[in-house]
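S.K.: Fold the following for me, if possible:
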Amino acid sequence: MQVKRSVLQKLSTNELNSYIKDDSRFVPEAIEMAFEIKKNERNIQFSKIETTRIKNLISSKIIYHENEEKKNSFEPNLVEDIEENNEVPKLHSKTEIIFHSSVFFSFIGAVLLYKNLKKIKDMILFHYVILVLFSLSMLVFDYYLYEYIVNHQEELSHIKYKRFGNLGIFITIRGIANLILISLIWNYFFGKDFKYKELK
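M.R.: Okay, the predicted model is just below:
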């Protein structure tokens, strides 16, 4: 997100102070800009200790944001929980929903999707139908997948013994199915370009 210097220049000195506090939720560019405006344009003196603290704050923010960008590469619509994104809703991430549906039960994924949807829009009957069908379809899929693995031990033995095991094969295939279904449901409910913050 681009930071406009002209916007920060209009702020009072007290307002700029919130940018350089240790608990600042602004991006590193905004923190650095606020520091420069106070120091160079408003002639506010900073001690060496205070200057070092602010520079360390900027450095730590840069590292944090770089790590967040790497983490969010799987979900490009997931934005950081910073001051500039205050209006963006907090939701359970798509990754979290897929994980719980794959490792535990699809019902958990349906509940998390329901919680997300309830925050964004009014629920209608069709939304409930989709979530119930998702849970039931994955239960049926799990049953037939398990039956297939049990009945094809020999064909799967080279995969099973070398890398995974029955449970590993089951969760891997189940995870792929959940990824496809949840992505389709997510895009239908929220749209492909819907921005959100991760609920922690």
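
S.K.: residues of the lengthiest helix in the chain that come out buried?
M.R.: Criterion DSSP state H: the longest helix present in the chain is helix 125-151. Neighbour-count burial for helix 125-151, counted by 16 or more other Cβ atoms under 10 Å, picks out His127, Ile130, Leu131, Phe134, Ser135, Met138, Phe141, Asp142, Leu145, Ile149. For glycine as for every other residue, the C-beta is placed from the backbone atoms N, C-alpha and C.

S.K.: which helices and strands does it pack with?
M.R.: When contacts are defined as 3 or more Cβ pairs under 8 Å, 6 or more residues apart in numbering; DSSP states H and E, helix 125-151 packs onto helix 106-120, helix 166-190.

S.K.: from the middle of its chain, how far away would that helix be?
M.R.: The chain centre lies 26 Å from the centre of helix 125-151; the measure is Cα atoms, centre = their mean, to the nearest Å.

S.K.: ok and it relative to helix 166-190, angle-wise?
M.R.: Interaxial angle, helix 125-151 versus helix 166-190 (axes from the mean of the first three to the mean of the last three Cα atoms, to 10 degrees): 160 degrees.

S.K.: Could you check the angle helix 125-151 makes with helix 106-120?
M.R.: Interaxial angle of helix 125-151 relative to helix 106-120 (the same axes, to 10 degrees): 160 degrees.

S.K.: Tell me where this protein is predicted with low confidence.
M.R.: By pLDDT under 70, the low-scoring segments of the chain are 1-2, 68-74, 154-165.

S.K.: rerun at 80
M.R.: 1-3, 65-76, 79-86, 149-169, 200 (pLDDT under 80).

S.K.: tell me the domain boundaries of it?
M.R.: 5-74, 90-198 (automatic domain parsing).

S.K.: Could you export these as a markdown table, including distance to Asp81?
M.R.: Below are the domains of the chain laid out as a markdown table (distance: least, Cβ to Cβ, whole Å):
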| stretch | distance to Asp81 |
| --- | --- |
| domain 5-74 | 7 |
| domain 90-198 | 5 |
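
S.K.: quick revisit: looking at the helices and strands packed on helix 125-151, which is buried most?
M.R.: Comparing those by mean neighbour count (mean count of other Cβ atoms under 10 Å), helix 106-120 ranks first with a mean of 18.

S.K.: which one of the domains of the chain lies closest to Glu80?
M.R.: Glu80 sits nearest to domain 5-74 of all the domains of the chain, at 5.2 Å, using Cβ to Cβ.

S.K.: For the closest one, what is the distance to the chain centroid?
M.R.: Worked out by Cα atoms, centre = their mean, domain 5-74 lies 24 Å from the chain centre.

S.K.: Check stretch 77-93 too.
M.R.: Distance of stretch 77-93 from the chain centroid (Cα atoms, centre = their mean) equals 8 Å.

S.K.: ok, and what's touching it?
M.R.: 1, 24-27, 30, 65, 68, 72, 75, 94, 112-113, 115-116, 119-120, 192-199 (Cβ atoms under 8 Å, 6 or more residues apart in numbering).

S.K.: Can you list phi and psi of Asp193 for me?
M.R.: phi -110, psi 20 (degrees, to the nearest 10).
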